[in-house]
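K.L.:
No sequence on hand, only this structure:
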């Protein structure tokens, strides 16, 4: 046991002495979470709009006010004529133009079809769709408030309700994904280079000649990173909950336990990579290529798994982050317990055992 | 007396390549045993098998009385090892390196500070005890690596080309440490390709293309081949089989 402690202590020295390691370990998560949480969001806030009001009536004024009060839109310009619209879009200051035709009020008050034209900048098609949807909903809402009894004949009135995330907040989707990505990246990247480094400097040989067992060496490599990455995980959860306002509906204890499990898995993968490559450089590339890209594209973090082609959906089952993201979303947003999450949990446990076993075997055979 | 190392037809193959070809030799306790050969002659492979880093393909070997196949854990407790690259952690201080190796060799915690002071004092490097190893000159690193390999007072210490890249004076000083260890009863098994170092050994063996071509005292070898330096002995043996 003393031998093991001496080894762990040495690993801590390596980590704490290396500024770059520390920076990656603690700087990266912070930047990533804030970046994804704030900048890379798919919700719309304060999109610039322009209004061309050819009717200039209380109704058009009220609808405009209602649009602006929603928080999604910000008035950049009041236009005077149709020719101004194109100019405003060209300048790039507005994403949406709202045009009230002359005679709008008259049509509206006489129950005739009153039209409002919405023009959206479709160079960003997703934003354009969201903006027109929001604006349509707000305008419809205005009519509904005015005439609660008016029921359009024979129209189907679809009302959807967004459960769990009624405000469609992007952070709800991104925080679990970022957590998975950062933990995976940091844990796997860091450990993948440590054994390769010992191999490069020749110290691995000396360790193998010493009475330390291979298991002790592997575990000694994992423990310090397990502690540091767990601290990292806690920081990310705290940032998510307090800064990005992601709710924590389920058990914090379960969340922490699952985080620990996922970190252990990430470390096992790192150790595994380390056990098959010769140099630190290869280790780094291998972990970036093999971990980062599949995690981003196939875990459901950015692109929904359901809309992938079938073969990719099958491949996505191999991505550890997919399971962890499901678990985190389940706990934080849906408030689910282990009763609902035992399956992905089991998968994570199984993967950890697999990779640890493989690395142990590799370390043994590579030396002989 | 029990032999420190004893091998019988020890062989290691990598695919169809025979790195070490049926070598048989004994090393006496307290002896400085030189293991000579050009690069690729199979000396590192042989040494790795004796240290438990590599399983032999066939043949027998015991180290400190333990069998290399079945008792490699026992062997590890009883040997020290120093590789060509000195195997110290450059980002740890001198003191931390000593503490680490003391720790993994199972020294009692209370003994480590005394042991550390002994080493620092013997090498005369108390002033740099808390400097990073990276900042030390090569010769100091080498002596420190050797002392660290002896920290658990092993019966046998294996040195794999321990003097690579250092100047002759430092090499001479390093050999003083080796003599001292041998004098204290530690068996020293050293590989080298410096022929002047071969003169310092009690006995030397010369490996050529995986086979052991000669094994005797330096004086005995020189007489047998009728030359006046180990270098000449080596030239005769190496040229006899290779086209170089």
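P.N.:
That came through fine. Owing to the predicted nature of the structure, the values given are computational and were not obtained by experimental measurement. Numbering: from 1, shown residues only, chains lettered A, B, ... in the order given.

K.L.:
Dihedrals phi and psi, residue A:235?
P.N.:
phi -60, psi -40 (degrees, to the nearest 10).

K.L.:
Give the burial count for it, as a bare number.
P.N.:
The tally of other residues near residue A:235 (other Cβ atoms under 10 Å in any protein chain shown) stands at 15. The C-beta positions use only the backbone N, C-alpha and C, and glycine is treated the same way.

K.L.:
Run through the residues that contact the nearest residue to it once chain neighbours are set aside.
P.N.:
Leaving aside its sequence neighbours, residue A:235 sits nearest to residue A:29 (Cβ to Cβ, 6 or more residues apart in numbering or on different chains; 6.3 Å). If you count contacts by Cβ atoms under 8 Å, 6 or more residues apart in numbering or on different chains, residue A:29 has them with A:182-183, A:186, A:232, A:235-236.

K.L.:
could you flag which of the residues you listed are buried?
P.N.:
With burial judged by 16 or more other Cβ atoms under 10 Å in any protein chain shown, the buried subset of the contacts of residue A:29 is A:182-183, A:186, A:232, A:236.

K.L.:
Tell me the one among those residues nearest to chain B.
P.N.:
The shortest gap between chain B and any of the buried ones among the contacts of residue A:29 belongs to residue A:186, at 19.7 Å (Cβ to the nearest Cβ).

K.L.:
Return the distance of the closest one relative to residue B:198.
P.N.:
Between residue A:186 and residue B:198 the distance is 51 Å, computed by Cβ to Cβ, to the nearest Å.

K.L.:
Also residue A:305?
P.N.:
Using Cβ to Cβ, one obtains 67 Å as the distance from residue A:305 to residue B:198.

K.L.:
quick one: which of these two has more around it?
P.N.:
Higher neighbour count among residue A:305 and residue B:198: residue B:198, with 24 against 17, using other Cβ under 10 Å.

K.L.:
hang on, the more buried one packs against residue B:218?
P.N.:
Yes - with contacts counted by Cβ atoms under 8 Å, residue B:198 reaches residue B:218, the gap being 6.0 Å.

K.L.:
what sits against residue A:346?
P.N.:
Listed by Cβ under 8 Å, 6+ apart, residue A:346 has no contact partners.

K.L.:
For the one helix or strand it maps to, buried residues please.
P.N.:
Element membership for residue A:346, per DSSP states H and E: helix A:338-367. Residues of helix A:338-367 classed as buried under the neighbour-count rule (16+ other Cβ under 10 Å) are A:341, A:344-345, A:347-348, A:351-352, A:355-356, A:358-360, A:362-363.

K.L.:
What of stretch B:220-231?
P.N.:
Residues of stretch B:220-231 classed as buried by neighbour count (16+ other Cβ under 10 Å): B:221-222, B:225, B:230.

K.L.:
same question, stretch B:130-143
P.N.:
Counting neighbours by 16+ other Cβ under 10 Å, stretch B:130-143 gives B:132-133, B:136, B:139-143 as buried.

K.L.:
again with stretch A:125-137
P.N.:
A:127-128, A:130-131, A:134-135.

K.L.:
For chain B, what lies in contact range of chain A?
P.N.:
Contact residues of chain B with respect to chain A, defined by Cβ under 8 Å from any Cβ of the partner chain, are listed as B:51-55, B:73, B:76-77, B:79, B:81-92, B:96, B:99-106, B:109, B:158.

K.L.:
Residue ranges of each domain in chain A, please.
P.N.:
Recorded structural domains for chain A (assignment: automatic domain parsing) are A:17-40+A:169-367, A:47-146.

K.L.:
from these, which stretch is densest packed?
P.N.:
Compared across these, domain A:17-40+A:169-367 shows the largest average neighbour count, a mean of 19 (mean count of other Cβ atoms under 10 Å in any protein chain shown).

K.L.:
Longest helix in chain B, please.
P.N.:
With DSSP state H setting the assignment, residue counts place helix B:168-183 as the longest helix in chain B.

K.L.:
helix or strand right after that one?
P.N.:
Assigned by DSSP H and E, the successor of helix B:168-183 is strand B:187-192.

K.L.:
average pLDDT across the helix or strand that that next one is followed by?
P.N.:
Under the assignment DSSP H and E, the closest C-terminal helix or strand after strand B:187-192 is helix B:195-198. pLDDT averaged over helix B:195-198 equals 85, rounded to a whole number.

K.L.:
ok, now stretch A:27-44?
P.N.:
Averaged across stretch A:27-44, the pLDDT comes to 73.

K.L.:
Please apply the same query to stretch A:325-345.
P.N.:
Mean per-residue pLDDT for stretch A:325-345: 88.

K.L.:
For residue B:10, what is the enclosing helix or strand?
P.N.:
Counting by DSSP H and E, residue B:10 is part of strand B:5-14.

K.L.:
brain fart, residue A:176
P.N.:
Per DSSP H and E: residue A:176 is located in helix A:170-201.

K.L.:
Tell me if that helix is near chain B.
P.N.:
Yes - contact between helix A:170-201 and chain B is present through residue A:201 (criterion: Cβ under 8 Å from any Cβ).

K.L.:
Between helix A:338-367 and that helix, find me the angle.
P.N.:
For helix A:170-201 against helix A:338-367, the angle by axes from the mean of the first three to the mean of the last three Cα atoms, to 10 degrees is 20 degrees.

K.L.:
Surely residue A:49 and residue A:75 touch.
P.N.:
Yes - the pair formed by residue A:49 and residue A:75 meets the contact definition of Cβ under 8 Å, at 6.1 Å.

K.L.:
quick one: low-confidence parts of chain B?
P.N.:
Within chain B, the stretches falling below the threshold (pLDDT under 70) are B:1, B:240-244.

K.L.:
Now for the closest residue to chain A within it, how many residues are close by?
P.N.:
Proximity to chain A, evaluated over chain B using Cβ to the nearest Cβ, is greatest for residue B:103 at 2.3 Å. Neighbour count of residue B:103, defined by other Cβ under 10 Å: 22.

K.L.:
And for the closest residue to it other than its chain neighbours, the neighbour number?
P.N.:
The shortest distance from residue B:103 to any residue that is not its chain neighbour, by Cβ to Cβ, 6+ apart, is 2.3 Å, and that residue is residue A:6. The criterion is other Cβ under 10 Å. On that basis, residue A:6 has 22 neighbouring residues.

K.L.:
any idea which element residue A:6 lies in?
P.N.:
When elements are defined using DSSP H and E, residue A:6 is found to belong to helix A:2-17.

K.L.:
elements contacting that helix?
P.N.:
Using 3 or more Cβ pairs under 8 Å, 6 or more residues apart in numbering or on different chains; DSSP states H and E as the contact definition, the elements that helix A:2-17 packs against are helix A:19-22, helix A:170-201, helix A:214-238, helix B:94-104.

K.L.:
buried stuff in it?
P.N.:
Residues of helix A:2-17 classed as buried under the neighbour-count rule (16+ other Cβ under 10 Å) are A:3-4, A:6-11, A:13-15, A:17.

K.L.:
quick one on the thing from earlier: quick check: of the buried residues of stretch B:130-143, which lies closest to residue B:59?
P.N.:
Residue B:59 lies nearest to residue B:142 out of those, by Cβ to Cβ, at 32.4 Å.

K.L.:
helix/strand/coil for the residue nearest to the spatial centre of chain B?
P.N.:
Taking Cα atoms, centre = their mean, the centroid of chain B lies closest to residue B:159, which sits 1.9 Å from it. Residue B:159 falls in the strand class when you classify it by DSSP: H, G, I helix; E, B strand; the rest coil.

K.L.:
mind listing what residue 229 touches?
P.N.:
No chain was given, so I picked chain A. By Cβ under 8 Å, 6+ apart, the residues touching residue A:229 are A:25, A:183, A:186-187, A:263, A:266-267.

K.L.:
think we crossed wires, I meant chain B
P.N.:
Residue B:229 sits in contact with B:195, B:222, where contact means Cβ under 8 Å, 6+ apart.
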